[in-house]
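Colleague: Take a look and give me a structure for this.
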Amino acid sequence: MGVSEPVPDPGFTGSPGLANYQQQLEYLMRRFGDRVLYLAYSYLHDRYLAEDVAQEVFIRVYTNLDKFQGRSSIYTWIYHITVNLCRDYLRAQSRRRLEPGWLPEVAVPDVADMALVNLEYRELWQAILQLPVAYREVIWLHYYDQLNLKDIAAILGISLATVKIRLYRARRQLQLVLKAGGQDG
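Modeller: Next up, the predicted model:
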């Protein structure tokens, strides 16, 4: 599950051949499809919009696969495309409020435990969704995708120091949101 995972064919540098492109794309969709979808959802708060963005990500991956030069990992490149598409979409949208309509499932064997875990997960997810996008994206990439700070900086196109500051501030804001939520109930 490493970030530096290569494209399945290490010699691939955009050599022609429709079958090769299709195989590459199928592999990348299987390997990173769920992560792209969850990342898009974390930005857009709408399952169907996230699915549309995820499809667009892989269309762009397919059309630009020959331009991938291997300066970063394929994982970093795909996530960079995803982040940029989400940001573009958010910029283009009017200030309408997007409500979360779908959350990833949490698998727990015991029904009582599952209910408790899902409730806690939803509360945490709702708190994360209240954070500004700049904080939400570093929380998502660091904790959900388990990326190191250097990789997050590369994906977002910001300095390592900025990532550290955003992560620190995001954690503080998340603590405040969760404390405030606990006092309301």
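
Colleague: buried set for the host helix or strand of residue 21?
Modeller: If you go by DSSP states H and E, residue 21 is part of helix 18-44. By 16 or more other Cβ atoms under 10 Å, the buried positions in helix 18-44 come out as 21, 24-25, 28-29, 31-32, 35-44. From N, CA and C alone the C-beta is placed, and that goes for glycine too.

Colleague: Could you pull out the helices in this protein for me?
Modeller: 18-44, 47-64, 74-92, 111-129, 133-139, 149-156, 160-184 (DSSP state H).

Colleague: center of this structure, which residue is that?
Modeller: Compute the mean C-alpha point of the chain, and by Cα atoms, centre = their mean the closest residue is residue 39, 2.2 Å away.

Colleague: nearest spatial neighbour of it, skipping sequence neighbours?
Modeller: Spatial nearest neighbour of residue 39, chain neighbours left out: residue 82 (5.2 Å); criterion: Cβ to Cβ, 6 or more residues apart in numbering.

Colleague: pretty sure that neighbour is in contact with residue 50, am I right?
Modeller: No - using Cβ atoms under 8 Å, residue 82 is not in contact with residue 50; the gap is 9.8 Å.

Colleague: Show me which of those two is the more surrounded one.
Modeller: residue 82 (27 against 24; other Cβ atoms under 10 Å).

Colleague: Please report the distance of that one from residue 23.
Modeller: 21 Å (Cβ to Cβ, to the nearest Å).

Colleague: so where's this structure uncertain?
Modeller: Low-confidence segments of the chain (pLDDT under 70): 1-19, 93-121, 182-185.

Colleague: Apply 50 and report the result again.
Modeller: Across the chain, the ranges flagged by pLDDT under 50 are 1-17, 94-103, 106-108, 185.

Colleague: Break it down into its domains, please.
Modeller: The record's domain parsing of the chain by automatic domain parsing lists 1-102, 104-185.

Colleague: That's all I had, so thanks and see you.
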